[in-house]
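Novice: What would the 3D arrangement of this be:
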Amino acid sequence: MAKKLKKLVIVESPAKARKIGGYLGDDYIVEASIGHIRDLPQRAADIPEEYKKFPWSREGVDIENDFAPLYVINPDKKQKVQELKDLLKESDELILATDEDREGEAIAWHLMEILRPKVPVKRMVFNEITKEAILKAVDETRDIDQRLVDAQETRRVLDRLFGYRLSPVLWKKVMPRISAGRVQSVATRLIVERERERMAFIASTWWDLTALTDQNFNARLISVDGKRLATTNDFDSNGALKEKSANQILLLDEAQASHLATSVKNEKLIVKSIEESPRTERPKPPFTTSTMQQDAGSRLGWGAQLTMRIAQSLYEGGYITYMRTDSVSLSESAIKAARSSAKSLYGADHIPDSPRFYEGKTKNAQEAHEAIRPAGDSFKTPGELAPELTRDQLALYDLIWKRTVASQMSDAKKLQARVDFDVKTKEGKDLTFRANGSVVTFPGFLAAYEDVTDEKNE
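Specialist: The predicted structure is shown next:
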């Protein structure tokens, strides 16, 4: 009896291979390519002999031939390629299940170019590693998207040309072995420009006065005898008072500020006026890669690299959707899951009558992806997953869960207040202090996800 052939599924990482293999069953072999198997040559030794005679071979890009790239199998992947070829001989179908982005599409294309399969080839894509998503993806395969492959190839060629042509200039002009790049050189330029602005900044010195009250709020001095105190906006880039402000404001020195403080110490502030205005605050959209990194930085104190490493582990474990995305959209099932979570935890009054939809700011966003969100058609709370996750995984999942659920919740309502107080000094000067603040009258989405920088009384 002939041996039954199986379907070979190739993903990027061993962790994904194990997870997906468990969902697909015995009719499938799920193997990992462990990232890219082919790239432009990194060393002269990697260049095939027949190409070494060409002057462009070290760069790996034939500019005169429409920027044609020279691809070689990565030295550390030659054994992996042979393993995949051997597995393909025992298979009646090849399914390329690399990530659904430009890099993933390119990996799939390179695999097909190297393996040269004689069996049917399908491209399988998914946004989350859950059983439902994987079984659906294997039934709804497509062809390789050559436009995405071309986009990745263009970026790779640009990276190579920038790096190989600019870096030697830096070695001669600046110092040996430093690098230039398509992205890093522009970022360095922005940092240098900002640093020059900082170095050119001329500081100004002025003093103000803050009243500390028994009611646990602060009020700042804004005028003396009706003359407004100087603020940051009254100074120019040279540190001098702007001409139009010079005769209209009061600039306190240390002695004057100390004298005023002594003159009104223990005096009662008398309410002069109260202005109140309602304010509505909308929730933020679900996470993209960059906003997740920013939030993890401000809330958890993590760098971008650590954030992405933890996010990768959550994705491969089937806990969140794909973590490299610039989309803020959610699928219909994800919106239902977020609204259901909000309703059950915070009440029906905490979700709007209709779902919220968000538009991203990034042109050409990879909208095939969703925003980063909890995986599945119903979201497990951080508490439910606590026994399964590491401390870092739980911390990041908690952020993602809260941000996603909050994105489908009602607006928060606040009452903004501005109170002016009068007090006289012993010399009879009229001082006016001002306190600004707000109170939450209806938490809405803030019940799930409060901003890091809470408003404080000034």
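
Novice: CA atoms for contacts and neighbours, from now on please.
Specialist: Fine.

Novice: Other residues contacting the lowest-mean-pLDDT helix or strand in the chain?
Specialist: Scoring the helices and strands of the chain by mean pLDDT, DSSP states H and E places helix 243-246 at the bottom, with a mean of 70. Helix 243-246 is contacted by residues residue 234 when judged by C-alpha atoms under 8 Å, 6 or more residues apart in numbering.

Novice: partners of the next helix-or-strand element following that helix in the sheet?
Specialist: Per DSSP states H and E, the first helix or strand lying C-terminal to helix 243-246 is strand 249-250. Sheet pairing here is set by DSSP bridges, and for strand 249-250 it gives strand 227-229 (parallel).

Novice: so how far is the strand it pairs with off the chain centroid?
Specialist: On the basis of C-alpha atoms, centre = their mean, to the nearest Å, strand 227-229 sits 43 Å off its chain's mean C-alpha point.

Novice: Then stretch 72-81?
Specialist: 32 Å.

Novice: Same check on stretch 87-98?
Specialist: On C-alpha atoms, centre = their mean, the centre of stretch 87-98 falls 34 Å from the chain's centre.

Novice: So for that stretch, first residue to last residue, what's the gap.
Specialist: Stretch 87-98 has an end-to-end distance of 17 Å (criterion: C-alpha to C-alpha, to the nearest Å).

Novice: Buried ones in it, by neighbour count?
Specialist: Neighbour counts using 16 or more other C-alpha atoms under 10 Å place 87-88, 91-98 of stretch 87-98 among the buried residues.

Novice: Please flag which of the residues you listed sit within strands.
Specialist: Using DSSP state E, the members of the buried residues of stretch 87-98 that fall within strands are 91-96.

Novice: Make TSV out of these and add distance to residue 63.
Specialist: Output for these, formatted as TSV (distance: C-alpha to C-alpha, whole Å):
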residue	distance to residue 63
91	39
92	39
93	37
94	34
95	34
96	30
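
Novice: Let's have those residues in a markdown table, adding pLDDT and distance to residue 142.
Specialist: Below are those laid out as a markdown table (pLDDT from 0 to 100; distance: C-alpha to C-alpha, whole Å):
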| residue | pLDDT | distance to residue 142 |
| --- | --- | --- |
| 91 | 96 | 19 |
| 92 | 96 | 17 |
| 93 | 97 | 14 |
| 94 | 98 | 12 |
| 95 | 98 | 10 |
| 96 | 98 | 10 |
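
Novice: closest to residue 65 among these?
Specialist: The closest of these to residue 65 turns out to be residue 96 (C-alpha to C-alpha; 29.7 Å).

Novice: Look up which residues are beta-bridged to that closest one.
Specialist: residue 10, residue 123.

Novice: What separation do you get for it and residue 135?
Specialist: 14 Å.

Novice: If you tally nearby residues, what's the number for residue 197?
Specialist: By other C-alpha atoms under 10 Å, 12 other residues sit near residue 197.

Novice: Quick check: phi and psi on it?
Specialist: phi -60, psi -40 (degrees, to the nearest 10).

Novice: so what pLDDT did it get?
Specialist: pLDDT for residue 197: 90.

Novice: quick one: it from residue 76, how far?
Specialist: From residue 197 to residue 76 the distance is 46 Å (C-alpha to C-alpha).

Novice: Is the residue positioned nearest the centre of the chain within a helix or a strand, and which one?
Specialist: For the chain, residue 290 is the residue whose C-alpha lies nearest the centre (C-alpha atoms, centre = their mean; 1.6 Å). Applying DSSP H and E as the criterion places residue 290 in helix 289-300.

Novice: buried set for that helix?
Specialist: So for helix 289-300, counting by 16+ other C-alpha under 10 Å, buried means 289, 292-296.

Novice: what's downstream of that helix, the next helix or strand?
Specialist: Past helix 289-300, the next helix or strand by DSSP H and E is helix 304-316.

Novice: what's next to that following helix, contact-wise?
Specialist: By C-alpha under 8 Å, 6+ apart, helix 304-316 touches 15-16, 19, 128-129, 293-294, 296-297, 320-323, 392-393, 396-397.

Novice: Relative to residue 272, which of the buried residues of helix 289-300 is nearest.
Specialist: residue 295 (40.4 Å).

Novice: one step back: let me have the buried residues of helix 289-300 in a markdown table, extended by pLDDT.
Specialist: Shown next, in a markdown table, are those (pLDDT from 0 to 100):
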| residue | pLDDT |
| --- | --- |
| 289 | 97 |
| 292 | 98 |
| 293 | 98 |
| 294 | 97 |
| 295 | 97 |
| 296 | 98 |
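
Novice: pLDDT averaged over stretch 218-232 - what is it?
Specialist: 92.

Novice: Can you give me the buried ones in stretch 26-39?
Specialist: Buried-residue list, stretch 26-39, by 16+ other C-alpha under 10 Å: 28-33, 36-39.

Novice: scratch that, stretch 269-288
Specialist: The neighbour-count check on stretch 269-288 (16+ other C-alpha under 10 Å) flags 269, 282-288 as buried.

Novice: Which member of the residues you listed is positioned nearest residue 421?
Specialist: residue 269 (5.6 Å).

Novice: returning to that earlier point: show me what contacts the residue nearest to the centre of the chain?
Specialist: Contacts of residue 290 by C-alpha under 8 Å, 6+ apart are residue 326.

Novice: so how far is residue 371 from it?
Specialist: 11 Å.

Novice: before we move on, what about residue 234?
Specialist: When residue 234 is compared with residue 371 (using C-alpha to C-alpha), they lie 42 Å apart.

Novice: Of these two, which one has the most company?
Specialist: Per other C-alpha under 10 Å, whichever of residue 234 and residue 371 has more neighbours is residue 371, with 25 against 16.

Novice: Which residue is the nearest non-sequential neighbour of the more buried one?
Specialist: residue 328 (4.6 Å; C-alpha to C-alpha, 6 or more residues apart in numbering).

Novice: can I assume that neighbour is in contact with residue 373?
Specialist: No: if you go by C-alpha atoms under 8 Å, residue 328 and residue 373 don't touch, sitting 9.9 Å apart.

Novice: Break down the stretch 351-458 of the chain into its helices, ranges please.
Specialist: 382-385, 391-406 (DSSP state H, counting those that start in this stretch).

Novice: ok, and what's touching the shortest one?
Specialist: Residues external to helix 382-385 that are found in contact with it (C-alpha under 8 Å, 6+ apart): 394, 397-398, 401.

Novice: Selection in ChimeraX covering whichever of these are buried, please.
Specialist: In ChimeraX syntax, the buried subset of the contacts of helix 382-385 is picked out as below (16+ other C-alpha under 10 Å):
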select :394,397,398,401
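
Novice: Pull out the buried residues from the contacts of helix 304-316.
Specialist: 15-16, 19, 128-129, 293-294, 296, 320-323, 393, 396-397.
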